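>>> the sequence and its predicted three-dimensional model are supplied below.
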Amino acid sequence: MRCFWLLLILLSSYLLPSHSLGQSGLTLGNAASDETGAIPSLVTVDSASGYVARIDLNKPGQIAEALRRAEAHFQSEDYFDSLNKPTGPIAFVIFGPDVAMFFKQNYSMYKATVDLAARLSSLGVIDIKVCQESAAASGLNRDDLLPFVSPVDVGQAELTRLLEEEDYSFF
């Protein structure tokens, strides 16, 4: 009797439509198989090494908006699905007059944005890099940077390096 049930189970797996189950047992809908009977992968692979936030320096509030997008991404299921991927935190390369918001003496003026940036940084969602050339031009001292911010010599050069050498993509 046991052989009968075992044979029935084995035969039923062959009688099911070949497109209803993938290799992992998940429903794939109407995916067509190739000549070998294998079902092609439906998962797309992102080849980016990491992401850098797109910030338009000519529009006020772009940093806060980019931080809110990063927070929304963190709160989404996509973020937790991507934890096994090798990408690190989203790089925020800040240069120009906006560097001022990441210095201790300006905290009260930019409190809401800085608090969001600090929270996302502590969670490993973002990595903020501030241009020291822009800071010096604004009369700001590197020693006064907020503790979760990393200095870079030239912001535009760091952005170019991440995009071209490290193969980052815009977030």
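Nice, I can see it.
>>> Phe92: which element?
Element membership for Phe92, per DSSP states H and E: strand 90-94.
>>> so what's Leu163 closest to, chain neighbours aside?
For Leu163, the nearest residue in space outside its immediate sequence neighbours is Val52; the separation is 6.6 Å by Cβ to Cβ, 6 or more residues apart in numbering. Backbone N, C-alpha and C define where each C-beta goes, glycine included.
>>> tell me the first helix or strand C-terminal of the helix or strand that contains Ser134.
Of the helices and strands defined by DSSP H and E, Ser134 is found in helix 132-137. Of the helices and strands lying after helix 132-137 in sequence (DSSP H and E), the nearest is strand 149-152.
>>> quick check: mean pLDDT across the helix or strand just after that following strand?
Of the helices and strands lying after strand 149-152 in sequence (DSSP H and E), the nearest is helix 155-160. Model confidence over helix 155-160 averages 95 on the pLDDT scale.
>>> by contact count, what packs against helix 155-160?
Using 3 or more Cβ pairs under 8 Å, 6 or more residues apart in numbering; DSSP states H and E as the contact criterion, the neighbours of helix 155-160 among helices and strands are strand 90-94, strand 126-131.
>>> let's have those in a markdown table, adding distance to Gln62.
As requested, the helices and strands packed on helix 155-160 are arranged in a markdown table below (distance: least, Cβ to Cβ, whole Å):
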| stretch | distance to Gln62 |
| --- | --- |
| strand 90-94 | 10 |
| strand 126-131 | 14 |
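>>> okay, and the beta partners of Tyr51?
For Tyr51, the beta-bridge partners under DSSP bridges are Ser169.
>>> can you check Ser150 too?
For Ser150, the residues forming beta bridges with it (DSSP bridges) are Lys129.
>>> great, nothing more from me.
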